[in-house]
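In: sequence-free structure coming up:
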């Protein structure tokens, strides 16, 4: 019987990984670690303690929640344990001694399936990769990790500002990309959104580099992953990192001056043209 | 002299990936190698730390075919590039590449600040920075969006899901940066010409003490397939159709789909 360890920042995420662990092996011995956030040190600095325990007790699989802290802790632990680590793993399976799983590559434009017979494997698991186990973590053993402060001192923590939009709930979304060269141009996108009754979102550079929209507005593999009924991409080239965030939208419309752009390849309906000309035509048609 | 080492990955541009509609396999033939987008921000971060602390700035990369990357990387503000090129690295994974990069850092005299970016545009596994830190026994600070540097002391702001975290740490340190740390300027003609005069140093696996076994992949790649999509890709304004007609057709179609 194999031992599977689960490391999470909170019980909810641990419950998701209980499901992941049970999908690998229904009768595995589960141990759950939910180490508390140290007041003035990094959570990731639990890594050496986890590694020492793993060397002594030899679990066959360690699952870690893919928060940013979790990714860091998992990668560091994997390096110290000389083990492979699969990031954002899905479809985990164990057959005999062979562990296999899927990971996204090329910004989500493809899925890679790997298999390995390594004695110890680490994998990070997304918060929505599995439905949380109905019994939560109650069936698992609670493990504890010692904390030895590392050389990094935390001097301040600031919660993120409250979100102003909830893209996850929006049924229609108009999204803008680098086809817009000035912040004031977003007025046109807002006008289209208003006509459609849609929220406004964007690609990563619009939020992170230009800061024209708040960060919670950017759609993509590292941002919001949404499933609206309608997604209208205006001036978005459609790199895989972006389209991954809307792959489950019911209908995708792409408006772009470049007929060859990747967004057109990932859309249901495409209009090729400058947004300056397409948006007014579309607003008129919606209102007609 | 103390050095900053920025690790970068020479990856195939994913903008030109085409999918074979029948087999779902990826056709990478048109993809050109380039400095990983995320690493361009890492390189620029290195430039800023060099300005603030007076350290020398070097780049490190490894792979099966990376010598050609040196000129590009050198045009982005580096003083020198060290690269490990070996056919054995074609199939290596994160376990192996982190070992190679760590050994390269140790082989270069005086590196006490290592910069990585959060991930690469191909795998985006986000492991290399923290793995390197562990192997080098240096503190790891990841997802950094702001860097304050003076001498050996660093004040770093991390951006996490729940908010931000400000930390203080002294070199030696591995800093893994997110793109927000700063937009990378596009190299100008002067930078590109200047790059030709800067040193690109080849390191060998044997020379940095890495055995062929250490870079063997630890997992077998079973398949790499694009997910099946059912998008219609219908162009509403083929030649001869005006934008007004296309817009009206779209609204009609969205109504028929039950969206509007």
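Out: On my side now, so go ahead. None of these values were measured; they are calculated from a predicted model.

In: so where's chain B shaky on pLDDT?
Out: The model of chain B has no residue with pLDDT under 70.

In: lowest-pLDDT helix or strand in chain A?
Out: Here the helix or strand of chain A ranked lowest by mean pLDDT, DSSP states H and E is helix A:240-243, holding a mean of 89.

In: buried sites along whichever helix or strand comes after that one?
Out: Note on helix A:240-243: by DSSP states H and E, the next helix or strand toward the C-terminus is strand A:251-256. Residues of strand A:251-256 classed as buried: A:251-256 (neighbour count, 16 or more other C-beta atoms under 10 Å in any protein chain shown). Placement of C-beta: from N, CA and C, glycine included.

In: other residues contacting strand A:251-256?
Out: A:179, A:229-238, A:246, A:261, A:263-264, A:266-273, A:275, A:278-279, A:282, B:231, B:250, B:254, B:257, B:259 (C-beta atoms under 8 Å, 6 or more residues apart in numbering or on different chains).

In: before we move on, the earlier item: so does the least confident helix or strand of chain A get close to chain B?
Out: Yes. On the criterion C-beta under 8 Å from any C-beta of the partner chain, helix A:240-243 is in touch with chain B at A:240-241.

In: how far away is residue B:190 from residue B:75?
Out: 9 Å (C-beta to C-beta, to the nearest Å).

In: which residues does residue A:231 form beta bridges with?
Out: Under the criterion DSSP bridges, residue A:231 forms beta bridges with residue A:173, residue A:252.

In: that one touches residue A:171, doesn't it?
Out: No. Counting by C-beta atoms under 8 Å, residue A:171 is not a contact partner of residue A:231; they are 10.2 Å apart.

In: so those two - more neighbours on which side?
Out: Applying other C-beta atoms under 10 Å in any protein chain shown to residue A:231 and residue A:171 shows that residue A:231 carries more neighbours, namely 28 against 14.

In: residues contacting the more buried one?
Out: Contacts of residue A:231 by C-beta under 8 Å, 6+ apart are A:172-173, A:175, A:246, A:249, A:251-253.

In: pop the domain breakdown of the chain in here.
Out: With no chain named, the answer covers chain A. Domain assignment for chain A, taken from automatic domain parsing, gives A:3-143, A:167-287.

In: hmm, no, I was thinking of chain B.
Out: Using automatic domain parsing, the domain parsing of chain B gives B:3-215, B:230-260.

In: ends of the first one, what's the gap?
Out: According to C-alpha to C-alpha, to the nearest Å, domain B:3-215 extends 26 Å from its N-terminal end residue to its C-terminal end residue.

In: what does stretch B:13-24 give?
Out: Using C-alpha to C-alpha, the two ends of stretch B:13-24 sit 19 Å apart.

In: re earlier: let me know the closest of the buried residues of strand A:251-256 to chain B.
Out: Nearest to chain B, judged by C-beta to the nearest C-beta, of the buried residues of strand A:251-256 is residue A:251 at 5.6 Å.

In: gap between the closest one and residue A:110?
Out: Distance from residue A:251 to residue A:110, by C-beta to C-beta: 23 Å.
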